[in-house]
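Asker: Let me see the structure of the following:
(2 chains)
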Amino acid sequence: MNNIPMKTRSLKLLEFLSLEKSADRLLALEVPKDALSWTRFCGALLLVLVVLLFLSGIFMAFYYSPIPGTAYDSVDFALFNVPFGSVVKGVHHYSWNLLLMVMGVHLGRSLILGSYKAPRQMVWVTGVIILLFVPLFIITGDLLPWDQKGYWSTQVRLSIISSVPGMGHIAARLLQGGSLTGVVALTRFYVLHILMLPGLLVLLIAVHFHFIRHRGLSEPLGADPVSRPRIPFYPNVVNRWLFLFIMVSIILGVISWHWIPPFGDPADPTDSSYIPKPEWWVLFLNQLVSVFKGGLAVLGSTIIPAGLAGLLICLPFIDRSPHRHPARRWKILLPAAAIVIAILTLSIMGYMEHFVLVEN
Amino acid sequence: MRTKFVISLSVCLALFIGTLHFTAQEAMGASKQVLIAAKVKSAPAGLDDAAWGKARGIDVPFEGKEVFAGQHTSVATKAVYTKDNIFFLYQWKDANQSITKGAWQYKDENWIHQKGNEDRISMLFEINRINNFATKGCAIVCHVPDGATNAKDGKFGTLTTAEKGDLWHWKAARSDPAGYADDTWLTKISEKKGGRKGDKGSGGDKKNITEDKSKPKYMLAQGKSLVKNGILLASHAVEITDYSVFKDGDTITYRMPKIPTGSFADIKADSRYVNGEWTVMLSRKLDTGNPDDTAFNPKRKYNFAMALFDNSGDEDSYDSEVITLKFK
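Answerer: Reported below is the predicted structural model:
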């Protein structure tokens, strides 16, 4: 047995598992050589972060108890009593923050380079849907530690959801499971966070990859699509990805070891003095809600965010010109830049209001 | 190629730093005071040790209750820690040093209790989470409704056995002369008893009184001496056999501090009263290993609340809001 070459053993195993054809397809798969260029870094990093989020989430679920009060104790125990508990939670915490940032950069790159153009419209559309989908993880995950920040942030979010005309109130009640945010809400958020949303995310990523596989990666600007050199997917891309995975894991692990992820006081639903601070990624949305008050509140809470999301999704169908070079797409990029500047300005205003002025 | 690499590396670093900047800080919604314990290499040797200069103190406001209602005071508080121990330093103004605690005085061939109580300061931490202590502080554990069967005895305690508090109680007359603060803990108030318990071991004080309660039973043993502020320790006392040796004006300690043992002796104390100001230092192991103590882990933060007693009993105190203790 020991004299059988490793390759033969691997083949036998693949045959046993009826995976030999899949393995052949993988070995035969080729990707453009530019898939390894640094400009493609964000996509690979996003996949690394998603995998890290899944792995760290599974670890945390082993110790978590979705009951108000004990939820806090269980997170506290996992953080400070379980060996490397704070590292795992830190990796989870920093990964999702980084995920949002890298997604923004990834989207920005695709926008600037016109990667959404035909025939890759659905690659863009599924990517934007993933981007809009990820905050649901944060919204549901925030409540799980049952700390002050999570509890009161959820209260604010539920009140914003309630203010959405039509289905808003019903959606909020459905999430909350009653009139109060208690054990039912926590259970629902937990199930959504660890079961339904991950399942849907995997599905969305699979669809995204399906379109990438069939429509291909966009060519670098000015490159000749016919004479584009190609390389085998395995081992080139796979090994690079594994290297990135290990490096990011180590870096995030070290960061988490030194900077324990924030964990506030236990939630006290009777403490109305607590004013949650919005997280960085919702600062602009928060400011929008603050700007439009009274009868115009629906503008800030629903119409503008939904309009922006709709614009993003429909972009490939709005910009149908064949040109990809930014200089020839100023009619799209100028308004996009204006929107980005508006978002940044609102975010800075929000940061000043909630962090700088309050601290002073 | 190098330029591209530098750009990509810079983008990555910016992302990392940005992430840390925005997310590593904890959002503190309510305006809670934060006491930051500074790490020092060697333990402070006393009240004036240079190590205290490394700690950034806070001025904790206190609000009077019962007879002190409407009055306010404050305590300057600092904390430092070493690899194994944590130290707290408190300073507060007090016009009178109160250490009498009903001491005996011989007058006109009679023994009488002198008027006066003692000054005290206490701190309450959580051993296990006490529901809403982080936001409400002592209000959660200090009050039992009037008329409750255990109102007198059990004014202090938690609602369930799962909730446990660690109470550090420095007493100017009953613990400090022995060089300790009482190490006690808090559990559920039962129908009959309060929730305040002494840590495992022994400590506290011993009443110096005869069975007919007319006079002191003990005096200073030969070869022993009175300790700080002229207090008689229980271990230095001997039964009085001849009361004729006393003359008018003689005083004897009524509540004799015992030298604590076991977990009761975890908190060491040092103090000074000068120019109308108390300076008190308490120290303890970060983790005593005892289930009746809070185990301090410098990686996490803790909530605590304080109470100040100015020559008063348990009902009449100055209370602080809840404070967060963090380790730097």
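Asker: where in chain A is pLDDT low?
Answerer: For chain A, the stretches flagged by pLDDT under 70 are A:1-7, A:358-360.
Asker: Those residues of it touching chain B, which are they?
Answerer: With the criterion set to CB under 8 Å from any CB of the partner chain, chain A comes near chain B through A:38, A:41, A:69, A:72-73, A:76, A:79-80, A:86, A:93-94, A:97-98, A:101-102, A:105, A:148-149, A:152, A:251, A:255, A:259-266, A:268, A:270-271, A:273-277, A:279-280. No exception for glycine: its C-beta is placed from N, CA and C like everyone else's.
Asker: Mind checking which of those are in helices?
Answerer: Residues of the residues of chain A next to chain B located in helices (DSSP state H): A:41, A:72-73, A:76, A:79-80, A:86, A:93-94, A:97-98, A:101-102, A:105, A:148-149, A:152, A:251, A:255.
Asker: Filter the residues you listed down to just the buried residues.
Answerer: Neighbour counting by 16 or more other CB atoms under 10 Å in any protein chain shown classes A:41, A:72-73, A:76, A:79, A:86, A:93-94, A:97-98, A:101-102, A:105, A:148-149, A:152, A:255 among these as buried.
Asker: Distance from stretch B:97-112 to the middle of the chain?
Answerer: Stretch B:97-112 sits 26 Å away from the centroid of its parent chain (CA atoms, centre = their mean, to the nearest Å).
Asker: same question for it, mean pLDDT?
Answerer: Mean pLDDT, stretch B:97-112: 94.
Asker: So which residues of the stretch 1-150 of chain A form helices?
Answerer: All helices of the stretch 1-150 of chain A, identified by DSSP state H, counting those that start in this stretch, fall at A:6-16, A:20-28, A:41-61, A:70-80, A:85-112, A:121-143, A:148-163.
Asker: Who are the packing partners of the second one?
Answerer: Counting contacts by 3 or more CB pairs under 8 Å, 6 or more residues apart in numbering or on different chains; DSSP states H and E, the secondary-structure elements packed against helix A:20-28 are helix A:6-16.
Asker: where does chain B have its least confident helix or strand?
Answerer: helix B:2-23 (a mean of 64; mean pLDDT, DSSP states H and E).
Asker: after that one, next one along is what?
Answerer: strand B:33-39 (DSSP states H and E).
Asker: name the helices or strands packed onto that following strand?
Answerer: Using 3+ CB pairs under 8 Å, 6+ apart: strand B:33-39 touches strand B:58-64, strand B:72-81, strand B:323-327.
Asker: tell me the mean pLDDT for it?
Answerer: 96.
Asker: Kindly report the same for stretch B:211-222.
Answerer: Rounded mean pLDDT across stretch B:211-222 is 94.
Asker: got the buried residues for that stretch?
Answerer: B:215, B:216, B:217, B:218, B:219.
Asker: about what we covered before: relative to residue A:246, which of the helices of the stretch 1-150 of chain A is closest?
Answerer: Closest to residue A:246 of these, according to CB to CB: helix A:41-61, at 9.3 Å.
Asker: Run the chain-centre distance for that closest one.
Answerer: With CA atoms, centre = their mean, you get 10 Å for helix A:41-61.
Asker: so residue B:160 makes contact with residue B:188?
Answerer: Yes: counting by CB atoms under 8 Å, residue B:160 touches residue B:188, with 5.7 Å between them.
Asker: So for those two, which sits in the more crowded spot?
Answerer: residue B:188 (16 against 11; other CB atoms under 10 Å in any protein chain shown).
Asker: Name the nearest residue to residue 240, ignoring sequence neighbours.
Answerer: If you meant another chain, say so; for now it's chain A. Among residues not flanking residue A:240 along the chain, residue A:36 sits closest, at 6.1 Å (CB to CB, 6 or more residues apart in numbering or on different chains).
Asker: nope, chain B
Answerer: residue B:219 (4.9 Å).
Asker: tell me the secondary structure for the one you found?
Answerer: For residue B:219, the assignment made with DSSP: H, G, I helix; E, B strand; the rest coil gives strand.
Asker: and it, how far is that from chain A?
Answerer: 51 Å (CB to the nearest CB, to the nearest Å).
Asker: And for residue B:104?
Answerer: 48 Å.
Asker: residues in contact with that residue?
Answerer: Contact partners of residue B:104, counting by CB atoms under 8 Å, 6 or more residues apart in numbering or on different chains, are B:111, B:112, B:113, B:114, B:208, B:215, B:216, B:251, B:252, B:253, B:254.
Asker: Can I have the buried ones of those as a PyMOL selection?
Answerer: The following PyMOL line selects those of the contacts of residue B:104 that are buried, judged by 16+ other CB under 10 Å:
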select buried, chain B and resi 111+208+215+216+251+252+253+254
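Asker: and of the contacts of residue B:104, the nearest to residue A:177?
Answerer: Distances from residue A:177 to the contacts of residue B:104, taken by CB to CB, are shortest for residue B:254, at 60.3 Å.
Asker: List the contacts of that closest one.
Answerer: Counting by CB under 8 Å, 6+ apart, residue B:254 touches B:101, B:102, B:103, B:104, B:113, B:207, B:208, B:209, B:216.
Asker: Could you report the separation of the residue nearest the centre of chain A from residue B:267?
Answerer: Central residue of chain A (CA atoms, centre = their mean): residue A:134, 3.9 Å from the mean position. Using CB to CB, to the nearest Å, residue A:134 is found at 49 Å from residue B:267.
Asker: what helix or strand is the closest residue in space to residue B:186 that isn't next to it in sequence on?
Answerer: Distances taken as CB to CB, 6+ apart put residue B:165 closest to residue B:186, at 3.5 Å, once the chain neighbours are dropped. According to DSSP H and E, residue B:165 maps onto strand B:164-171.
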